[in-house]
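Enquirer: Following is a predicted model, sequence given first.
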Amino acid sequence: MPFTLANPAHSMLEIKKSRFIGCVEPIGDRSAAQLRVAALKAEHPGAVHVCWALLAGGQSAAVDDGEPSGTAGLPMLNVLRHQELEGVLATVVRYFGGVKLGAGGLVRAYTDAVAQALLTADKLPLQRRVHLRCTVPYALEGLLRRHIATAGATELQVEHSNQVLFSFNLLDSEKTAFIAQLNEVCHGQLNWLNPVD
């Protein structure tokens, strides 16, 4: 089962006079991750590298930020994968201490910085959501709105045409019972527009 994080978590390592400041935090897409990395670079102007890895479905990334290829971003990404995380950004800010660590030392340092931050992180099970679309006559709009709100659906969109079109997201685990309930209370006047099991 995939997990995400409740809040950011941090770590600090010193290896041969270099400081590695690690952070793991919930972030859902690449543009938000890039904004966060830009903010870290502004906060740490004396750092030589701000390496990062994002595990977020099709928007995942591994960035070495000037470190030798494959010694920072990819090892950090592998830690996130091993922990079965999704929608998580790992960053490590490095202040160079004057002693080169070599490729193996860099891989260990970046891996350890992320792994130690994850030791203090609160992991939450990531619950899969499904997208549902349906239409109802205008007379049932209020009834359907109440049921959708009670179910905790998100991203509700409503369009008015010949009928009222509802588009929303719901926890996958609640889908079957919710659909059966709506079919019953709408007495066959609800029409599902996407495949429903």
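Expert: Looks like it came in fine. Predicted model, so just to flag it, every value in this text is computed and none were measured.

Enquirer: chain center to the helix-or-strand element of the chain with minimal mean pLDDT, what's the gap?
Expert: Ranked by mean pLDDT, DSSP states H and E, the weakest helix or strand in the chain is strand 154-160, scoring a mean of 85. Chain-centre distance of strand 154-160: 23 Å, with Cα atoms, centre = their mean, to the nearest Å.

Enquirer: mind listing what that strand pairs with, with the direction of each?
Expert: In the sheet, strand 154-160 lines up against strand 164-171 (antiparallel) (DSSP bridges).

Enquirer: What strands flank the helix or strand containing residue 53, and is each parallel or antiparallel?
Expert: Taking DSSP states H and E as the criterion, residue 53 maps to strand 49-55. Strand 49-55 has the following strand partners under DSSP bridges: strand 61-63 (antiparallel), strand 88-95 (antiparallel).

Enquirer: now what about it, what contacts it?
Expert: Defining contact as Cβ atoms under 8 Å, 6 or more residues apart in numbering, one finds that strand 49-55 is touched by 27, 30, 33, 37, 40-41, 44, 60-67, 72-74, 76-77, 79-81, 85-94, 96, 110, 114. All C-beta atoms are positioned from the backbone trio N, CA, C, and that covers glycine.

Enquirer: what sits up against the least confident helix or strand of the chain?
Expert: Contacting residues not belonging to strand 154-160 are listed as 129, 138, 141, 145, 148, 164-170 [Cβ under 8 Å, 6+ apart].

Enquirer: can you give me the strands in the protein?
Expert: For the chain, the strands defined by DSSP state E occupy 3-5, 9-15, 18-26, 49-55, 61-63, 88-95, 123-125, 129-136, 154-160, 164-171, 191-192.

Enquirer: Quick one: distance of the lengthiest helix in the chain to the chain centre.
Expert: Counting by DSSP state H, the longest helix found in the chain is helix 102-119. How far helix 102-119 lies from its chain's middle: 21 Å, per Cα atoms, centre = their mean.

Enquirer: between it and strand 88-95, how big is the angle?
Expert: Interaxial angle, helix 102-119 versus strand 88-95 (axes from the mean of the first three to the mean of the last three Cα atoms, to 10 degrees): 130 degrees.

Enquirer: buried ones in helix 102-119?
Expert: Of all the residues in helix 102-119, those buried under the rule 16 or more other Cβ atoms under 10 Å are 106-118.
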